[in-house]
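K.L.:
Got a predicted structure plus its sequence, pasted below:
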Amino acid sequence: MLTAGADVIEVNGQTTRPGYTEITPELEIERTVPYIDAIMKRFPEAVLAIDTYKVPVMQAAIDAGVSIINDVNSFTDDPAKLALMAKSNVGLLTMLNGRQFDFKVMTPEMHQFFEDNLNALTAAGIDRNRIAIDQGLGYADTKVKNDDQDYVIMNNVGKFNDLNRPMMVAVSRKGYMGTLLNIPKDQRLPMTLVSETAMILNGGRIIRVHDVKETRQMVTLLKRIGEGYWLV
């Protein structure tokens with residue numbers, strides 16, 4: 001992944017996909033910290049992140065040297081998280097977990113959530129420049145049918161640029177491609193790239209991927225197109 005152009009390697013010890021089974025922090029640490037140690041030993045230049053919502057796992061990962069904590073519960077569900085983040089210097093990826101909301105008018109309500117979340121994080125002593133945001137594509141309220149919430153997220157990226165925080169684009173191989181287009185998971189790369197491109201062009205800046213090489217090619221091409229200029 002590093003050779004193919006990845007900027008960050010994220011480790012994860014427990015999925016949070018629909019219907020997931022929670023494991024203990026101790027087991028999650030067993031599943032992640034040895035890999036963090038091994039990657040850092042072999043690839044000291046690598047920037048590592050961990051995807052977890054548990055305080056003990058966050059602490060263990062920070063102690064092991066990760067640079068970024070990705071929390072699907074946006075860090076404000078436990079005061080211990082705020083205290084830990086305030087005394088550390090890691091980056092924070094704060095996600096809106098749509099399973100915990102009953103949206104009426106989705107985009108402005110999501111925007112208000114991030115305003116409040118950013119204010120809570122900074123009030124706890126966390127520098128705003130350490131924070132990136134993730135709208136939580138794939139984390140729809142269970143009452144939402146046909147991936148409608150995911151399409152709103154893909155369509156509304158530009159509505160969050162005024163927050164001046166980098167936004168995660170996490171669409172790689174997501175289920176909406178199976179629902180709408182009947183594409184099996186291992187054949188979703190082309191439509192993943194289409195979805196990512198649409199969101200990047202509207203302001204998405206952190207691209208969470210499975211297919212690093214192809215995504216790096218796409219990002220390189222978009223950047224070069226954006227630099228196109230001709231003067232005679």
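P.N.:
Received the coordinates, thanks.
K.L.:
And the helices in the chain?
P.N.:
Listed from the start of the chain, the chain has helices (DSSP state H) covering 25-42, 55-64, 79-87, 106-123, 148-155, 176-181, 189-201, 212-226.
K.L.:
Can you lay out these as a markdown table showing mean pLDDT, mean neighbour count and distance to Asn161?
P.N.:
In this view, the C-beta of every residue, glycine as well, is placed from N, C-alpha and C. Formatted as a markdown table, the helices of the chain follow (pLDDT from 0 to 100; neighbours: other Cβ atoms under 10 Å; distance: least, Cβ to Cβ, whole Å):
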| stretch | mean pLDDT | mean neighbour count | distance to Asn161 |
| --- | --- | --- | --- |
| helix 25-42 | 97 | 15 | 33 |
| helix 55-64 | 98 | 19 | 28 |
| helix 79-87 | 98 | 16 | 24 |
| helix 106-123 | 97 | 16 | 11 |
| helix 148-155 | 94 | 19 | 14 |
| helix 176-181 | 95 | 16 | 23 |
| helix 189-201 | 98 | 18 | 12 |
| helix 212-226 | 97 | 14 | 16 |
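K.L.:
To Gly19, which of these lies closest?
P.N.:
Of all those, it is helix 176-181 that lies closest to Gly19, at 15.5 Å by Cβ to Cβ.
K.L.:
Which secondary structure elements does that closest one sit against?
P.N.:
helix 189-201 (3 or more Cβ pairs under 8 Å, 6 or more residues apart in numbering; DSSP states H and E).
K.L.:
helices or strands next to the helix it packs on in the packing?
P.N.:
In terms of contacts (3+ Cβ pairs under 8 Å, 6+ apart), helix 189-201 is packed against helix 148-155, strand 168-169, helix 176-181, helix 212-226.
K.L.:
Only the C-alpha atoms, please, for it, written as CSV.
P.N.:
The C-alpha trace of helix 189-201 is given here as CSV (Å, rounded to 0.1, in the frame of the first residue of the first chain):
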residue,chain,number,x,y,z
LEU,A,189,-13.6,-0.5,-8.2
PRO,A,190,-14.9,1.5,-11.3
MET,A,191,-18.0,2.8,-9.6
THR,A,192,-16.0,3.5,-6.4
LEU,A,193,-13.7,5.7,-8.5
VAL,A,194,-16.7,7.5,-10.0
SER,A,195,-18.1,8.1,-6.6
GLU,A,196,-14.8,9.3,-5.1
THR,A,197,-14.2,11.6,-8.0
ALA,A,198,-17.6,13.3,-7.6
MET,A,199,-16.9,13.9,-3.9
ILE,A,200,-13.4,15.1,-4.4
LEU,A,201,-14.5,17.6,-7.0
